[in-house]
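S.K.: what would the 3D arrangement of this be:
(2 chains)
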Amino acid sequence: MFNRCPAALRAATIVMFVLLWALIPTSGAAQAPPAALFPAYTAPRTADGKPNLNGIWQSLTTANWDVQAHGAQPGPHPEIMGAWGAAPGGQSIVEGGEIPYRPEALAKKKENFEKRLAPKVTNDPHRYDTGEPELQCYRTGVPRANYMPFPFQIFQTASEILMVYEYKGAARTIYMDPHREAPTDSWMGWSNGHWEGDTLVVDVTSFNDHTWFDRAGNYHSDELHVVERYTPISPYHIKYEATIEDPKVFTRPWKISFPLYRRVEENVQLVEFNCVPFVEELMYAPVGLYKPPSK
Amino acid sequence: MRNRVLLFAALTLVIVVVLYAPGLAAQAPSAAKRIDATAIDPEAAIKAAAAAAKAAEDAARNWTPPRTAWGDPDVQGYWLTATYTPLQRPATLAGKAFYTEEEALAAFKKAVEVDASVNPSTVHYDWKEYAMDGWQSPVRPNRRTSLIVDPEDGRIPPLTPDAQKRQAAGRTAAQARNPQVGVQTLGNLYTRCVTGNNAGPMLRGGNPGSDSGAAGVTAEAQIIQTPGYALIIAQSNDDARIVPLDSRPRLPSNVRNYLGDSRGHFEGNTLVVESTNFIVPGTNFNGGSAAMKLTERFTRVGPNTLRYEFTLDDPSTWTRPWTAETIFPRVDPPLYEFACHEQNYGLMNVVKGAQVSEAEANAKKD
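M.R.: Here you go, the predicted model:
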């Protein structure tokens, strides 16, 4: 066909195809906002001259239910929880839509989902075999902490950046100067950070293998390595990106992104969500250790 | 290729220099890991603590408290809340608010020795094997005989009749529960991993003569300041308290937190933090009610020393407010993750054990 077309038309056709290609949605993914939506932005500075990320932030995704695209679902106990227990539908925060699981790992993910409501309260590490971690008020790990449906607050100093999450009151330190070595594996991992222009880049390592990415059973091993990028794109928005690498579970690194929104309500503050008392009956009653104090 | 040869030659030169450098060669045998004597020898720890207390006193002379870049008093750092000083003054020391320097050191020495010794037939954890005894931290001797400085007798003021009634009712309810041992009835907020040792007032007081965490394990706390906020994170349970420093209104009284709701301001060089809205029953320190107000004062008094004072005020519980005070020495970073509830094997074992004991006792009765 091209042979019979004038060169100009041929070029125009190619341009059109390229444009069309760019417009094809990638598996319905809703990720960080397109750059064109936000004009170039330079964040205000802290006393030590770094981009100022201090404030209360929150994501507005449904990734905590499933980081991949998902339709609305009834809850696990519709007979008592009705619409309260149901899960909202939402688009994927995963670039390209799919998580590149190894075949055996995909089977494990499905098993996780099937056994998500079956916490195993034992005296040994088998307690982490089944049961979704959030259900049991466990720390969520990173990046999940950033897309929980709860706000978190950033406290920024020259040597350390602290992030305090309303969910469980979990605190996390990002060592800026000096960087520090992880003493051992942990739930929230170990974070060292640096600035690349206006972007805070955080290298997170030394995770244990007990956290999941969501309630859908997406998971990782203790070889998880996360690199986060926090880029302020307006006074009220941070572009959040994370690259996730775990050769035991995934065939290649994959990426998530979404905006963080500044909470701007007057006098906004985190309100304690200490969920331990909320899960004691769920966890300890089946093993005969829960007796309500009122009885 | 030529470059590689040059590189090889350069590396060889470096290696030769390192091997033959007399200073470095002499150090080689001592490369084996050295353990600080204060971590394994109570005597060494006592001497070091006395020297550190003296050094802190010297350093505090002619010293100007620092300010943050935006002009607030700077109380930031990693601080140790551990102490061997009891909260209340023992009866044997009635009328004596301060030790002499020699007496203070002798009391410290005695407390350390009691802490370090264990009865092998009953010990569950020998904390010093985990470097978690108080004396293995930079805890310092104290010239005060009690942490309570007001009232003057160093004792918690008498309970009001209302508080006495509440406590009696609590005891009756506990007895009526038998045999109903469970995590919520046997466990406390700390063993259930709801809050840590520094929730509420950051100071509990040592109990010389008992091994109930005499100086307090995992007693570190970090304070961070940003414009408009202070953040206080306790190592124990990772309890994080966010303190707005503006004069914003408090949360309404129906919103309750285990760590309370805190507001802060500065008075001179002192950060003053006032907390209310505590959950009751919960962080009801020494029986406080829902009306309890906690006021804390953080003041830098030396390059490596923070003075900490707290006042508990609750007219429905105590006949008057009371105040305790001590100093927090600076400690090295970092804090560690305190994921307590995530692996709370201890609570399960203790409750199970109590249930077995209870069943055995009941079987004997029948």
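S.K.: is any residue of stretch B:294-306 near chain A?
M.R.: No - Stretch B:294-306 stays clear of chain A (Cβ under 8 Å from any Cβ of the partner chain), getting no nearer than 15.2 Å. C-beta coordinates here come from the backbone N, C-alpha and C atoms, glycine included.
S.K.: pLDDT (mean, whole number) over that stretch?
M.R.: The average of the pLDDT scores along stretch B:294-306 is 97.
S.K.: so which bits of that stretch are buried?
M.R.: B:294-302, B:304-306 (16 or more other Cβ atoms under 10 Å in any protein chain shown).
S.K.: quick one: stretch B:230-248 near chain A?
M.R.: Yes - contact of stretch B:230-248 with chain A (Cβ under 8 Å from any Cβ) involves B:231, B:233, B:238-240, B:242, B:244, B:248.
S.K.: export only the CA atoms of that stretch, formatted as PDB.
M.R.: Output of stretch B:230-248 as PDB, limited to C-alpha atoms (Å, rounded to 0.1, in the frame of the first residue of the first chain):
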ATOM      1  CA  ALA B 230       7.300  17.500  67.200                       C
ATOM      2  CA  LEU B 231       7.300  13.700  66.800                       C
ATOM      3  CA  ILE B 232       8.100  11.400  69.700                       C
ATOM      4  CA  ILE B 233       8.800   7.800  68.900                       C
ATOM      5  CA  ALA B 234       9.400   5.300  71.600                       C
ATOM      6  CA  GLN B 235      11.400   2.200  70.800                       C
ATOM      7  CA  SER B 236       9.000   0.200  73.000                       C
ATOM      8  CA  ASN B 237       6.200  -0.900  70.600                       C
ATOM      9  CA  ASP B 238       7.300   1.900  68.100                       C
ATOM     10  CA  ASP B 239       4.600   4.100  69.800                       C
ATOM     11  CA  ALA B 240       4.600   7.300  67.700                       C
ATOM     12  CA  ARG B 241       3.100  10.500  69.100                       C
ATOM     13  CA  ILE B 242       2.500  13.400  66.700                       C
ATOM     14  CA  VAL B 243       2.500  16.700  68.500                       C
ATOM     15  CA  PRO B 244       1.100  19.800  66.600                       C
ATOM     16  CA  LEU B 245       2.700  22.900  67.900                       C
ATOM     17  CA  ASP B 246       0.100  25.400  66.700                       C
ATOM     18  CA  SER B 247      -2.800  26.300  69.000                       C
ATOM     19  CA  ARG B 248      -5.400  24.200  67.000                       C
END
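S.K.: element containing B:A55, please.
M.R.: Taking DSSP states H and E as the criterion, B:A55 maps to helix B:42-60.
S.K.: who's in contact with that helix?
M.R.: B:37-39, B:105, B:108-109, B:112-113, B:116, B:135-136, B:138-141, B:301-305, B:327, B:329 (Cβ atoms under 8 Å, 6 or more residues apart in numbering or on different chains).
S.K.: go again using 10 Å as the cut-off
M.R.: Here helix B:42-60 makes contact (Cβ atoms under 10 Å, 6 or more residues apart in numbering or on different chains) with B:36-39, B:41, B:84, B:101, B:104-105, B:108-113, B:115-117, B:128, B:133-143, B:300-305, B:327, B:329-330.
S.K.: contact partners of the following helix or strand past that helix?
M.R.: For helix B:42-60, the succeeding helix or strand toward the C-terminus, using DSSP H and E, is strand B:77-80. Identification of contacts with strand B:77-80 by Cβ under 10 Å, 6+ apart yields B:134, B:137-140, B:202, B:215-216, B:219-224, B:232-233, B:235, B:298, B:300, B:304-306, B:308, B:327-335.
S.K.: list buried residues within those residues.
M.R.: If we count by 16+ other Cβ under 10 Å, those have these buried: B:134, B:137-140, B:202, B:215-216, B:219-224, B:232-233, B:235, B:298, B:300, B:304-306, B:308, B:327-329, B:331, B:334-335.
S.K.: tell me the pLDDT of the residue in the stretch 1-150 of chain A that chain B sits nearest to.
M.R.: The stretch 1-150 of chain A approaches chain B most closely through A:A47 (3.5 Å), counting by Cβ to the nearest Cβ. In this prediction, A:A47 carries a pLDDT score of 94.
S.K.: ok, A:V67 next?
M.R.: pLDDT, A:V67: 98.
S.K.: how about the contacts made by it?
M.R.: By Cβ under 10 Å, 6+ apart, A:V67 lies in contact with A:61, A:90, A:92-94, A:99, A:143-144, A:147, A:212-214, A:216, A:218, A:244, A:254, A:256, A:258.
S.K.: of those, which are in range of chain B?
M.R.: Of the residues in the contacts of A:V67, proximity to chain B by Cβ under 10 Å from any Cβ of the partner chain holds for none.
S.K.: in helices only, show me those residues.
M.R.: Residues of the contacts of A:V67 located in helices (DSSP state H): none.
S.K.: mind checking which of these are in strands?
M.R.: A:244, A:254, A:256, A:258 (DSSP state E).
S.K.: for the residue most central in space within chain B, which non-adjacent residue is spatially closest?
M.R.: In chain B, the centroid-proximal residue (Cα atoms, centre = their mean) is B:A219; its distance is 3.2 Å. Nearest non-adjacent residue to B:A219, counting by Cβ to Cβ, 6 or more residues apart in numbering or on different chains: B:A82, 3.8 Å away.
S.K.: all helices for the stretch 251-366 of chain B, in order.
M.R.: B:345-365 (DSSP state H, counting those that start in this stretch).
S.K.: so which residues on it come close to chain A?
M.R.: Contacts of the stretch 251-366 of chain B with chain A, taken as Cβ under 10 Å from any Cβ, map to B:251, B:255-262, B:277, B:279, B:281-282, B:333-352, B:354-355.
S.K.: point out where the stretch 151-295 of chain A drops to low pLDDT.
M.R.: For the stretch 151-295 of chain A, the stretches with pLDDT under 70 are A:293-295.
S.K.: the residue of it found nearest chain B: neighbour count?
M.R.: Residue nearest to chain B within the stretch 151-295 of chain A (Cβ to the nearest Cβ): A:K291, separated by 3.1 Å. Residues contacting A:K291 under the criterion other Cβ atoms under 10 Å in any protein chain shown number 21.
S.K.: okay, and B:V114 sits in which element?
M.R.: Per DSSP H and E: B:V114 is located in helix B:101-116.
S.K.: figure out how far that helix is from the centre of its chain.
M.R.: Mean-position distance between helix B:101-116 and its chain equals 19 Å (Cα atoms, centre = their mean, to the nearest Å).
S.K.: in the helix or strand following that helix, what counts as buried?
M.R.: Per DSSP H and E, the first helix or strand lying C-terminal to helix B:101-116 is strand B:148-150. Buried positions in strand B:148-150, judged by neighbour count with 16+ other Cβ under 10 Å: B:148-149.
S.K.: report all helices and strands that strand B:148-150 contacts.
M.R.: Other helices and strands packing on strand B:148-150, by 3 or more Cβ pairs under 10 Å, 6 or more residues apart in numbering or on different chains; DSSP states H and E, are strand B:305-313, strand B:322-329.
S.K.: and B:D366, which of those strands is closest to it?
M.R.: When the helices and strands packed on strand B:148-150 are compared by Cβ to Cβ, strand B:305-313 sits nearest B:D366, at 45.5 Å.
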